[in-house]
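Visitor: build the 3D model from these lines:
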Amino acid sequence: MSRLDSQAQLIKELKEKVNQQENEIRELRAELQVCKSQQSDGATKGLVSVSKELIGAICKQLERNRLPAIEPDIFDGNIMEYYGWKYSFEALIENDCCNNMEKLYYLKKYTSGEAKQAISAFMIFKNEESYNKAINRLDKRFGDKHILGQAYMKKLDEWPPIPLNDGHALMELVDFLNCVKVAKKTEIVLEMETIALDVHEGIAEHILPKLSQSLINSWIDKMVGLRCTDDDEHGGSIFPPFCEFLERQAYIRSRYHNSRFDDLPDKCLFCESEYHGLEVCKAFQKSGQSKQQSFIMRNKLCFKCLGTGHKSAECEAPLTCSLCSRLHPSCLHRL
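Guide: Numbering: from 1, shown residues only. All right, here's what the predicted structure looks like:
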């Protein structure tokens, strides 16, 4: 092969290599473009996702702004309202404030009367320690468990007698007793101050004199049943079941004619003696299943609460059988 031919062959090989490299460069450029496109799409998607979350958060905040602002009540020194007020103040104010000076301002804003007077000295020389001292003063003045227990018992002893069929007045007593029950359970009162309510003698002394004789008789019958079942669900205390019993009785007396007490029956629907609910009527309990069922159907009573004006499927009464926990009165347990 001549020298000229050798050079021509070399030039041909070089051209082939150049073409090959150019093709590789084109492929690399194409891959680079794809990568850029994918990165751009990912960034766009990420931006869209962040934007959606931001818009959602803004919408939620706008919805909250439409609602009335949540504020703690103003504490005026009523010792029985202190712990409820303190918990709400801590949740709504104290946990969101940056420093004690802000907390002290809000403490002044949400107190009045005797409570504001108790912390007035700490409002004169305001510093970081003033808030803690003010809270300690309120705790000592209004958070004493001994005094709180005495206050509950004093209010109970001063409670006025409740008319026979006044379901509304009876429910007011029930609401107060439920407050006492929660106070005992959460130990914001000293047990020694309210322990009398855990036994029948204490209930007979402090509560039963406020009730009608028919209610007292019904409770005595109920208590005998509780002793027979030997139920220790409440740690031996009869106060929780007593509260449940009174609440049921209050509901019974309130369900007639939208609580118009003058329209309540004067006599028991079944035995026609002084009015009492069917679930505590001894004659009704002894009458047998067949007569009970016929009486309920004939008088168009509710099988759940034994009330009038609705069916059991429509009944909203929070009542269950004490024997099986199903939705019927205990006196119908065997039906």
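Visitor: burial of Leu173, as a residue count?
Guide: Number of residues near Leu173 (other Cβ atoms under 10 Å) recorded here: 20. Bear in mind the C-beta positions are built from the backbone N, C-alpha and C, glycine included.
Visitor: list the residues that contact it.
Guide: By Cβ atoms under 8 Å, 6 or more residues apart in numbering, the residues touching Leu173 are Trp159, Ile162, Ile207, Lys210, Leu246, Ala250.
Visitor: could these go into a markdown table alongside distance to Ala69?
Guide: Supplementary listing: these in a markdown table, determined by distance: Cβ to Cβ, whole Å:
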| residue | distance to Ala69 |
| --- | --- |
| Trp159 | 36 |
| Ile162 | 39 |
| Ile207 | 40 |
| Lys210 | 40 |
| Leu246 | 37 |
| Ala250 | 35 |
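Visitor: how is this protein partitioned into domains?
Guide: The record assigns the chain these domain ranges, following automatic domain parsing: 1-67, 79-143, 149-264, 283-335.
Visitor: pick out the shakiest of these, pLDDT-wise.
Guide: Set side by side, the domains of the chain give their lowest mean pLDDT on domain 1-67, at a mean of 61.
Visitor: so where do the helices sit in the stretch 1-150 of the chain?
Guide: With helices called from DSSP state H, counting those that start in this stretch, the stretch 1-150 of the chain shows them at 3-66, 82-92, 100-109, 113-118, 128-142, 145-157.
Visitor: just checking, what packs against the last one?
Guide: Read it as helix 145-157. helix 167-185, helix 191-194, helix 200-206 (3 or more Cβ pairs under 8 Å, 6 or more residues apart in numbering; DSSP states H and E).
Visitor: check those helices for me and report the most buried one.
Guide: Each of those was scored by mean neighbour count; the highest is helix 167-185, a mean of 18, by mean count of other Cβ atoms under 10 Å.
Visitor: pull the CA atoms of it into CSV?
Guide: As requested, C-alpha coordinates have been extracted for helix 167-185 and formatted as CSV (Å, rounded to 0.1, in the frame of the first residue of the first chain):
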residue,chain,number,x,y,z
GLY,A,167,-88.2,17.6,87.4
HIS,A,168,-86.3,20.8,86.5
ALA,A,169,-85.5,21.5,90.2
LEU,A,170,-84.5,17.9,90.7
MET,A,171,-82.2,18.1,87.7
GLU,A,172,-80.5,21.2,89.1
LEU,A,173,-79.7,19.2,92.2
VAL,A,174,-78.4,16.3,90.1
ASP,A,175,-76.1,18.7,88.2
PHE,A,176,-74.7,20.0,91.4
LEU,A,177,-74.2,16.5,92.8
ASN,A,178,-72.4,15.5,89.6
CYS,A,179,-70.0,18.4,90.2
VAL,A,180,-69.4,17.0,93.6
LYS,A,181,-68.9,13.5,92.2
VAL,A,182,-66.3,14.8,89.7
ALA,A,183,-64.5,16.8,92.4
LYS,A,184,-64.3,13.7,94.5
LYS,A,185,-63.0,11.6,91.6
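Visitor: let me know the pLDDT of the nearest residue to Trp85 once chain neighbours are set aside.
Guide: On the basis of Cβ to Cβ, 6 or more residues apart in numbering, the spatially nearest residue to Trp85 that is not a chain neighbour turns out to be Phe75, at 4.2 Å. Model confidence at Phe75, expressed as pLDDT, equals 95.
Visitor: so Phe75 sits against Glu81, correct?
Guide: Yes: with contact taken as Cβ atoms under 8 Å, Phe75 and Glu81 are classed as touching, separated by 6.6 Å.
Visitor: so the two - more neighbours on which side?
Guide: Set Phe75 next to Glu81 and count neighbours by other Cβ under 10 Å: Phe75 wins out with 23 against 15.
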